[in-house]
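Undergrad: Dropping a prediction and its sequence here:
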Amino acid sequence: MHDTTARTTARLERFVRDWLEPAVHRERRPLDVTAWTVGGEPVPFAEAAAATYAPHAIGEPWGRPWDTVWFRVTGAVPAEWRGEAAPAGTRAELVVDLGFTGAGPGFQAEGTAWTTDGRIIKAVEPRNQHVPLAPGGALATDGTIDLFVEAAANPDVPGGAWTRPTPMGAWETAGDAPIYALRTMHVALVDETVTELLADVRALSGLVRVLPPTSPRGAEVLRACEDMLDAVDPDDVAGTAAAGRAALAGALASPATPSAHRVHAVGHAHIDSAWLWPTRETVRKCARTFSNVLSLMDEDPDVRFACSSAQQYAWVQEHYPELFERIRERVREGRFVPVGGMWVESDTNMPGGEALARQFVEGKRYFIDELGVEPTEVWLPDSFGYTAALPQLTRLAGSENFLTQKISWNDTNTMPHHTFWWEGIDGSRVFTHFPPVDTYNSDLSAEELDRAERQYAEKGRANTSLAPFGYGDGGGGPTREMVAQARRTADLEGSPRVTLSDSRSFFDAARAEYADPPTWVGEMYLEYHRGTYTSQARTKRGNRRSEHLLREAELWAATATVRTGAAYPAERLRRLWRTVLLQQFHDILPGSSIAWVHREAERNYAAVAAELEEIVGGALAALVGEGDAVVAVNSGPFARAGVPGVGARVLDGPRQETTVAPAADGAGGWVLDNEVVRVVVDASGHVTSAVDRASGREAILPGARANLLQLHRDIPNEWEAWDIDEHHRRTTTDLDDPAKIETVATTAGPALRVVREVGSSRVEQDLALPVDGRALRITTRVDWHERQKLLKLAFPLDVHADRATSEIQFGHVHRPVHTNTSWDHARFETVAHRWVHVGEPGFGVAVANDSTYGHDITATRVDDTRAGRDSATGTTVRLSLLRAPKFPDPDADQGEHELRCELVVGAGIDDAIRHGYALNLPERTVTGARGVEPLVTVDDDAVVVEAVKLAEDGSGDVVLRLYESRGGRARARVSLGFAHRDVEVTDLLERTLGAAEQDGGDVLVDLTGFQVLTLRVRR
């Protein structure tokens, strides 16, 4: 037989495009359209329905960027399309094309169809343009059509590029010209047989594309398609479609092989809570997507939908209560399935330990209280890497499974597993799955199903994977076309077996099939998007400050309640927590959203800070009473300067100056010296020596300069705000020109001020050394006006280390400083929280910070003139201070910033932990009559008090969150400074796990390395 594959395939493609797809609608009839432009922020339905509408013609422009236009659509279904007069195998539906572009769903115009009494029907989107016409909805019993379409003029922000500056990221800069033109608003007669034939052809033609050219099955399917082409008359597609289906029936009936891969297809719509749109638009995206899903469920009883993010349900509950009640009913049926158990799909690299715990507390409590379900899996398909603290928090939240897909984006190494145990820093494990379909927005095409089967790494031991299907990122969800593909591939030779399923069913099946999968230990570092640790520094600073203010507010409010009977502001704190948790979403905190999102985040953080300061101030006022004494308040977990951790003490008088006076060294430089550390600063403002007086050890590499600002060209290959590419290291400018240096008086005492110009920017640094401490504090203020530049602060240290230690949530991780393997080489930019540490036996140095997350730490070799040596190997710690990407926010990071860090000389891990807390929880002073005894003290500094609060259930019980901070075993006595009854060990949701061990009113705790422990103390 001659090979006609290419000709037959080309014939098939043209037939589908030119005859079959157009024949889905036998006829179309126009409808009458009027419109009303909102001219600003979205309005409720009632306001829109009462507005005055004007005629709007097909082809007429509408919608400046980010505006909303409401269309009223009226007309009638022709009598010959209704009831017994309707042709057999047809139905009428509304078809809407708002002027959709080639951009994907969720990245352009979107619409919501409403009944005239204010009930959402479903969304209209680029690949889901139909609206069902049913009595009680948009259709009256006499065939009259009357409905509203709320059309959102959301712009295509990237416009096909992820590097080009755009004005579309803010209302003020996006322009006033309409960006869409109404293309279609008509009633159509759908030919159901042609629709089914089109689905048949899509399933089988997809097989032809993915099967090997020499495959007998591929040839068989191609011949069946050829027979279909011969059977269907292009001049009478409707009349011959049944014959076409008959020609394909045999090929569709051939069952899958026994060894075919098994795919659990789970309906899904990844909706970014903010990204290339503001949160106000996400509220509407949720309504559109969820109504799409409910409409699809009305058509097909087997469709199930996995939906994460309690925040998104809460938005719908607040803004669309009728829609929420319909969702609640589908949840009760087990078809609309809450997953994830978090408030949002957060970033997991940068949120603090308590904040990450609260993602679960707030998320799970919402699902339990409002929907009566508790998700048992963590669902984070799109976050930019996964902290090694997450397995423990997952288990402590009552979950046991974890799903992500993002690690498949690695730019260097391929993850070796798709189903495995993931073990965290404390030894906790969670059953984990990476869908080998390599997308969380699958359309269940043959190509994607083939990829899932081909890439699945567990072959021979297991054979089951999950495929999240539905349009996502900007929402949209699964469509009837996707479900049609799932139906046809349920048992089809040449394809994996596809089952419409849900996450619980998948994980149950995967666990049963693969009882002993391999284990991945430690963080899951994403070899991509490394710039997200640094972009949008104000957003990151707002997050860090908010987390620590929340700690303070809860601590002092709880203490005030216990000590004085003051009311505990539970609802205010919950609201503020939820604001901060929302902004930890994986495109807000990482700095990868449009300008609108980040300016809103900055406003929110300012409001959060103001309200938390009010709570803290009120609680402290109640605690210290009225008086003129100066009271030092320590919100940190460790005692300092005579003030107990989580307590306060009356001072004998005002605090004295706490920093030493810089002294000129006679050679143009300066010396800062106390009994602990001696620091030398040269005439350019760089630290050339930092000696630990007790040991005599020099912390700075010979001939090197610390406090060295370095400027890099920062032009990534693909994603501006997301990526720092390795090649930035090859274009480095040391900012070593002579600087203006002077001594200044600060609120803490004297400091050395260094001022220098950096391109179009100005940097001012204050260097201060406490009178009795080992940390040189550097406050860096930058007026930043660079573009596509990266500013780093370098500390080349005379410490020969093979690894660096970085703080993460409730502990720390060790990472190599060498590049022995491709995994090490790819990890050239890393995340840390409040501190990093490098050490060798007997000596170490820490660098603490108050708002920086991005770091790079590398082995460094320099010439060494010391006796008997020609070179020295040390370790350079660099903090990534600021970036200046041009997309999606063209003004990212422009303007003023203040960042603080400390060089802690002669430090162990315990010193790093202490300095990290102290820098982020500075001492407060208030006036009053008395100090405050701590509610809790611990006799082992390895056990850290992370949170003191009252119980979520309003009982008044005190809840303590502790953790072992050094990675070892600890047995500690926890003393409680208030009358109490029972003490219980609980999970994160404060549900009892067992009784705590007590001894004379104290609690005895035995903790393993990095273990997190929650205690509930009944008052």
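TA: It's in. Quick caveat: nothing in here was measured; it's all calculated off a predicted structure. Numbering: from 1, shown residues only.

Undergrad: Touching, residue 580 and residue 611? I think so.
TA: No - if you go by Cβ atoms under 8 Å, residue 580 and residue 611 don't touch, sitting 11.4 Å apart. Where C-beta positions appear, they are placed from N, C-alpha and C, glycine not excepted.

Undergrad: Would you mind telling me which of the two has the busier surroundings?
TA: residue 580 (25 against 18; other Cβ atoms under 10 Å).

Undergrad: Report the central residue of this structure.
TA: Among the residues of the chain, the one closest to the centroid is residue 586, at 1.8 Å (Cα atoms, centre = their mean).

Undergrad: which ones are touching that one?
TA: By Cβ atoms under 8 Å, 6 or more residues apart in numbering, the contact set of residue 586 is 272, 344, 345, 346, 347, 380, 382, 383, 384.

Undergrad: and those residues, which are buried?
TA: Neighbour counting by 16 or more other Cβ atoms under 10 Å classes 272, 344, 345, 346, 347, 380, 382, 383, 384 among the contacts of residue 586 as buried.

Undergrad: element containing the last one, please.
TA: Read it as residue 384. Assigned by DSSP states H and E, residue 384 falls within no helix or strand.

Undergrad: what's the helix or strand for residue 449?
TA: Under the criterion of DSSP H and E, residue 449 resides in helix 446-455.

Undergrad: got a list of contacts for that helix?
TA: 203, 205-207, 209-210, 260-261, 263, 418, 435-439, 442, 465, 467, 489, 495-496, 498.

Undergrad: Please repeat the previous calculation with a cut-off of 7 Å.
TA: For helix 446-455, contacts defined as Cβ atoms under 7 Å, 6 or more residues apart in numbering pick out 206-207, 209-210, 261, 263, 436-439, 442, 465, 467, 489, 495-496, 498.

Undergrad: what's the spacing between that helix and its chain's center?
TA: 27 Å (Cα atoms, centre = their mean, to the nearest Å).

Undergrad: Report the buried residues of that helix.
TA: Neighbour counts over helix 446-455 (16+ other Cβ under 10 Å) mark 446, 448, 449, 450, 451, 452, 453, 455 as buried.

Undergrad: Could you do stretch 85-92 as well?
TA: Across stretch 85-92, burial judged by 16+ other Cβ under 10 Å covers 86, 89, 90, 91, 92.

Undergrad: could you give me the average pLDDT of that stretch?
TA: What stretch 85-92 shows for mean pLDDT is 95.

Undergrad: so how far is the first residue of it from its last?
TA: 12 Å (Cα to Cα, to the nearest Å).

Undergrad: what's it in contact with?
TA: 26, 77, 79, 81, 133, 187, 189, 190, 191, 192, 193.

Undergrad: Tell me which residues touch residue 596, please.
TA: Contacts of residue 596 (Cβ under 7 Å, 6+ apart): 169, 170, 171, 278.

Undergrad: Let me know the helix or strand that it is in.
TA: Taking DSSP H and E as the criterion, residue 596 maps to helix 595-624.

Undergrad: what does residue 316 give?
TA: helix 310-319.

Undergrad: Now do the nearest residue to residue 535 once chain neighbours are set aside against residue 277, distance only.
TA: Leaving out its chain neighbours, the residue that sits closest to residue 535 by Cβ to Cβ, 6 or more residues apart in numbering is residue 591, at 3.0 Å. To residue 277, residue 591 is 16 Å away according to Cβ to Cβ, to the nearest Å.

Undergrad: Out of the contacts of stretch 85-92, who's the most crowded?
TA: residue 187 (26 neighbours).

Undergrad: So that one belongs to a strand, correct?
TA: Yes - checked against DSSP: H, G, I helix; E, B strand; the rest coil, residue 187 lies within a strand.

Undergrad: Quick check: the residue lying closest to it once chain neighbours are set aside vs residue 85, distance?
TA: Counting by Cβ to Cβ, 6+ apart, residue 187 lies nearest to residue 29, which is 5.1 Å off, once chain neighbours are set aside. Residue 29 sits 15 Å away from residue 85, going by Cβ to Cβ.

Undergrad: partners of the worst-scoring helix or strand of the chain on mean pLDDT, with directions?
TA: When each helix and strand of the chain is scored by mean pLDDT, DSSP states H and E, strand 663-664 comes last, with a mean of 88. Its sheet considered, strand 663-664 pairs with strand 670-673 (antiparallel) by DSSP bridges.

Undergrad: if you average pLDDT over the strand it pairs with, what comes out?
TA: 94.

Undergrad: With stretch 322-342 instead?
TA: 98.

Undergrad: That stretch: which residues count as buried?
TA: Here stretch 322-342 shows 323-324, 326-327, 330-331, 335-342 as buried, counting by 16+ other Cβ under 10 Å.

Undergrad: How confident is the prediction for residue 313, by pLDDT?
TA: For residue 313, pLDDT reads 98.

Undergrad: ok now do it, which residues does it touch?
TA: So residue 313 contacts residue 366 (Cβ under 7 Å, 6+ apart).

Undergrad: do residue 1014 as well
TA: Residue 1014 neighbours (Cβ under 7 Å, 6+ apart): 959, 961, 985, 986, 987, 988, 990.

Undergrad: what's the answer for residue 340, then?
TA: Residues in contact with residue 340, defined by Cβ under 7 Å, 6+ apart, are 308, 309, 363, 375, 378, 379.

Undergrad: out of everything not next to it in sequence, what's closest to the fourth one?
TA: The reference is to residue 375. Closest to residue 375 by Cβ to Cβ, 6+ apart is residue 341, at 4.0 Å.

Undergrad: quick revisit: higher neighbour count, residue 591 and residue 277?
TA: Shown here are residue 591 and residue 277; by other Cβ under 10 Å, residue 591 has more neighbours (30 against 27).

Undergrad: Tell me the one of the buried residues of stretch 85-92 nearest residue 839?
TA: Taking Cβ to Cβ as the measure, residue 839 sits nearest to residue 91 out of the buried residues of stretch 85-92, at 72.5 Å.

Undergrad: Reduced to three states, what does that closest one come out as?
TA: strand.

Undergrad: Check the gap between it and residue 192 for me.
TA: On the measure of Cβ to Cβ, residue 91 and residue 192 end up 7 Å apart.

Undergrad: And residue 643, by the same measure?
TA: Taking Cβ to Cβ, one finds residue 643 at 77 Å from residue 192.

Undergrad: ditto for residue 853
TA: Distance from residue 853 to residue 192, by Cβ to Cβ: 55 Å.
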